[in-house]
Structures are given as structure tokens and as C-alpha cells.
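**Q** compute the structure for the input listed below.
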Amino acid sequence: MFATTSIIIPTYNGEVTLRPCVESILKYTDINGVEIVIIANGCDEKTKLYLDELKASCRAIRYIWYEKPLGYTVAANNGLKACTGENIILLNDDVVFLAQEKNTWLRMLLEPLEAACIGLTGSLKGYSQAVNREFLLFFCVAMKRKMLHNIGLLDEEFNPGGCEDIDYSIRVQDAGYKIAQVPVDEPLRVVNGLYVSGFPIYHKGEATVYRLEGWDGIFARNVAKLQKKYFVQQDRLRKNNGESKQPFLSIVTRCYKRPVELLRCLESIANQTDDDYENVLIVDSKGIGVVAANGAFYSHRHRVHGEWVYMLDDDDFLLDVNFISEVKNAARQHNPDVIIVKVDHFGKVLPEPEFWQRPPVEGHIGGSGIVVKRDIWNKFIHVFGQAYIGDYFFIRKLFENGCNFYWLDMVVTKVPKQNFGVVRSEVN
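**A** Next comes the predicted model:
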């Protein structure tokens, strides 16, 4: 029924999840014309014994053994280079196919690829707030070999994993093809708080990546790489009608092993009605501690290009979609050096009424409560890194040096909780 089909399964010490995955493939798939290529990397002897059993019992299965871990992206690429099929399917080792007539899942993935406009199919489509693009989650995706030739391999800049599926989906779309969640156009349903499609598969959900040490930091770093690759905002001036244009606002975001919170933060930025901004991510993958993280603003100041600067950490998020437009209006109309805004800080609005339009008082104002002209920010940001409460000392310094303040009476940011780093290493 199908041209030769290759099913590629990278596995990293995943015998516990790999076994039910392969069993479900064999149960619900006619393996005539199908090869299953398992890329085993950094696996233990128990996994190797299982793979030897599989290879001996099923002619459709072969495996490639790597003593050391490769990372998902490199392992998947090695499978893509080794496979022979005209149809290529990438599977995570933690998926299990559900009860179905044989080849139902294959038909659902492969038949839409016969349309010239479809470049990539998958069981679940997502939306990346980091780059404002749709993508297919790569725990189960399919493509034609000619598409692989056109687009190329996964970008190994994202190794050991995280965001390579977003990147590849964007590359397919930018080449003029569509990506399709199958069954095509069937809406997602919510079951027990999880999004479920009509595709007969169970995915444990990031069981593979959480075998990696420091996964949260890896993911945050790759989000930064993704933004750098697809947002012209980061690390250089934005473009406007082909000409360089300085963004009005630089939103500087420190990131530390909080991928869920980071995505919420980025979503709140992407939802702004005025897109005249750049978002500069400062990634701490180790946990360097609060004082050192405060100093990161100074060491990364060369990356900040906006007229104005706002500091929004990854676990905080913007509440008002008109924040940038309101700050821009205040800046244009009143020409201050610093704009003070209000912040919902653990459910309490700061500064409180008795501290509004007053010099700063420790504990009653914070770094996310000020927007500062970039030349002023550059001049005094070194003060931020001199203490645990560096934001207070930084704001006090602005008052002491006679800066012109404008008080914008709007609650712009939510600070939902307090998180601390662990003193080690350095900011990357």
C-alpha cells in the first residue's frame, strides 16, 4: 500500500519506554515495506540485550549503537541519514499506539503527504509564543524523502534537544509548504486536563528529555537561540521597510530553568498591541545566585539597543496588552528619564498609595516597576549587581542623581512568586 517507510526511534537508556513503543508498532502495523531504525545512544546493557532480541525476532528492525549519549537532535539526524524509505517517520521512544485497525496510524500520517502542498504531518500541532509560529511536536511526525532533501536535517544547534521541532516546522513553512496535524482539521479535545487529538497515540510527555541532566536550563537556552534565529529583535536593531530602526523598548529577560514560566512571560510580550520592541534573553543554565544574576544586566548591556529599557524576569509576565503603547505615549508626551509603573507583587500592588510619587523605600518598589531611558540605564546599571536588593539600590541611585521621573498609574506586571538561584558557575 505504501512505498518503503522508515520509522526512526532515537532512544537514550529508554528500554522501559521503548519496549511498549515497539510492541505497539508491531501490533498495529503491517511491516511489509517498513523498516524500524532504532538509534541507541548512551544505553545500558539491558537495552542492548532487548535490541538484540528485537533484531533476531523481526527482520524489519535494525539498530545503530552508540556507546555515548548523542542528544536527541544528533541521534535523529543519524537516523535520517541511515534510513532508506521514501516515507520517513520520526517517533519518540515514549509513545504507544492505541487500539486500531492495522496501519490506521500510518495512513493518517502518510496520505496527506501525497498533496504537493503538505510538507510535514504529525499527531499534534502547537503554537510557539516565543516566535509566534505554528509547529508540529516531533514525538510523531512524517515527511517524504524529497522534503528531507529540500529542507535538510534538524538543526544541531538545538542539541541535545528542545525547539528543534519548532525550527524545522518553520523551515518547512518558509519553504512554501504546509504542516498538517492529522486527522486533518480535527479540533483538539481536552481529556483529564490534557489536549487530545483523534490520532490513535499515547505520548507520555517529555519522558525522554527529562532523562537529561539540567533539561530546564537546556530548554531555556534553546528558546533564546530560537528567538535569536527568527526574531530580528535580539542582539541587533530591528528592520523596518528594509532600513535599520531602533526599537522603542528593550525588554530584558533573565531566564533560569523555568520553561513553563518563560513561555508564559514570552506570550505576554508577544500579545502586546505595539510591537516596537526587542526581547533580550539572558540565560543562566547553572544557577549562579541572585547577586550574580543582578550583575548580568551590566555584563549584557551591549546587547540592549532600545530607546528605553524594561526588566522582566522569566517568572513574571505582563498584565496589560497596552503596556508598550502607554509607556511610549508617556515618554513622547512628558520626556522623562524614568517612568514608574505599578506591579502586582505576590498579590499586593507596589508602590502602595503612601509610597506613590515618593522616593524609593526598600521593599515597596522593584526592578519591574521602572522603565528607564537606555543611556541612563547604561550609566547606572552597574549598581544593580552590587547587592541582593540591587533593584532598590539602582532605583535609589536614579533618584539621587536627579533623574526626571514620570509616574504612570497602571498595573503592568504580575510577580507571582519568589524564586532563588543556587550559587555556582557563571551566566552563559
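
**Q** what's the nearest residue to Gly306 if we skip its chain neighbours?
**A** Once flanking residues are discounted, Gly306 sits nearest to Ser250: 3.3 Å by CB to CB, 6 or more residues apart in numbering. Every residue, glycine included, has its C-beta placed from N, CA and C.

**Q** can you tell me which helix or strand that neighbour belongs to?
**A** strand 249-255 (DSSP states H and E).

**Q** check contacts around the nearest residue to Gln272 once chain neighbours are set aside.
**A** Spatial nearest neighbour of Gln272, excluding adjacent residues (CB to CB, 6+ apart): Ile324 at 4.9 Å. Contact partners of Ile324, counting by CB atoms under 8 Å, 6 or more residues apart in numbering, are Phe248, Leu249, Gln272, Thr273, Asp274, Asp275, Asp276, Tyr277.

**Q** Phe323 now?
**A** Listed by CB under 8 Å, 6+ apart, the contact partners of Phe323 are Gln272, Val341, Met410, Val412, Thr413.

**Q** between these, which sits nearest His364?
**A** Among these, Val341 lies closest to His364 (CB to CB), at 13.9 Å.

**Q** the closest one contacts Gly367, doesn't it?
**A** No: under the criterion of CB atoms under 8 Å, Val341 makes no contact with Gly367, lying 11.4 Å away.

**Q** so how far is Ile39 from Leu57?
**A** For the record, residue 57 is Ser, not Leu. The gap separating Ser57 from Ile39 is 19 Å, by CB to CB, to the nearest Å.

**Q** neighbour count winner among the two?
**A** In this view Ser57 and Ile39 are compared by other CB atoms under 10 Å, and Ile39 has more residues nearby, 26 against 9.

**Q** wait, is the more buried one part of a helix?
**A** No: counting by DSSP: H, G, I helix; E, B strand; the rest coil, Ile39 is not part of a helix but strand.

**Q** ok, now how distant is it from Cys140?
**A** 16 Å.

**Q** shaky segments in the protein?
**A** For the chain, the stretches flagged by pLDDT under 70 are 1-3, 185-197, 204-216, 231-244, 285-286, 417-428.

**Q** which residues are in contact with the most centrally placed residue in it?
**A** Centroid-nearest residue in the chain: Val223, 3.8 Å away (criterion: CA atoms, centre = their mean). Residues counted as contacts of Val223 (CB under 8 Å, 6+ apart) are Ala130, Gly162, Cys163, Cys255, Pro259, Leu262, Leu263, Leu266, Leu281.

**Q** residues near the second one, how many?
**A** The local packing count at Gly162 equals 25, with neighbours defined by other CB under 10 Å.

**Q** name the strands paired with the strand ranked longest in the chain and say parallel or antiparallel.
**A** Secondary structure of the chain per DSSP state E: the longest strand is strand 405-415. Paired neighbours of strand 405-415 in the sheet (DSSP bridges): strand 317-318 (antiparallel), strand 338-345 (parallel).

**Q** for stretch 150-163, buried residues please.
**A** Using 16 or more other CB atoms under 10 Å as the test for burial, stretch 150-163 gives Ile151, Leu154, Asp155, Phe158, Asn159, Pro160, Gly161, Gly162, Cys163.

**Q** can you list contacts of it?
**A** So stretch 150-163 is in contact with 69-74, 76-77, 80-81, 119, 128, 130, 164, 167-168, 171-172, 175, 208-209, 212, 215, 218-219, 222-223, 225-226, going by CB under 8 Å, 6+ apart.

**Q** mind checking the end-to-end distance for that stretch?
**A** Terminal residues of stretch 150-163 lie 20 Å apart, using CA to CA, to the nearest Å.

**Q** just stretch 296-307 next, same as before
**A** Taking CA to CA as the criterion, the two ends of stretch 296-307 lie 20 Å apart.

**Q** the closest residue to Leu249 other than its chain neighbours: neighbour count?
**A** Distances taken as CB to CB, 6+ apart place Tyr277 nearest to Leu249, at 4.3 Å, with adjacent residues excluded. Using other CB under 10 Å, Tyr277 has 22 neighbouring residues.

**Q** ok, Tyr277 - contacts?
**A** Contact analysis of Tyr277 by CB under 8 Å, 6+ apart lists Gln233, Pro247, Phe248, Leu249, Ser250, Ile251, Ile269, Gly306, Ile324.

**Q** what of Leu266?
**A** Taking CB under 8 Å, 6+ apart as the test, what Leu266 contacts is Gln129, Ala130, Val223, Gln227, Thr253, Asn279.

**Q** after the host helix or strand of it, which helix or strand is next?
**A** Taking DSSP H and E as the criterion, Leu266 maps to helix 259-270. Downstream of helix 259-270, the first helix or strand assigned by DSSP H and E is strand 277-283.
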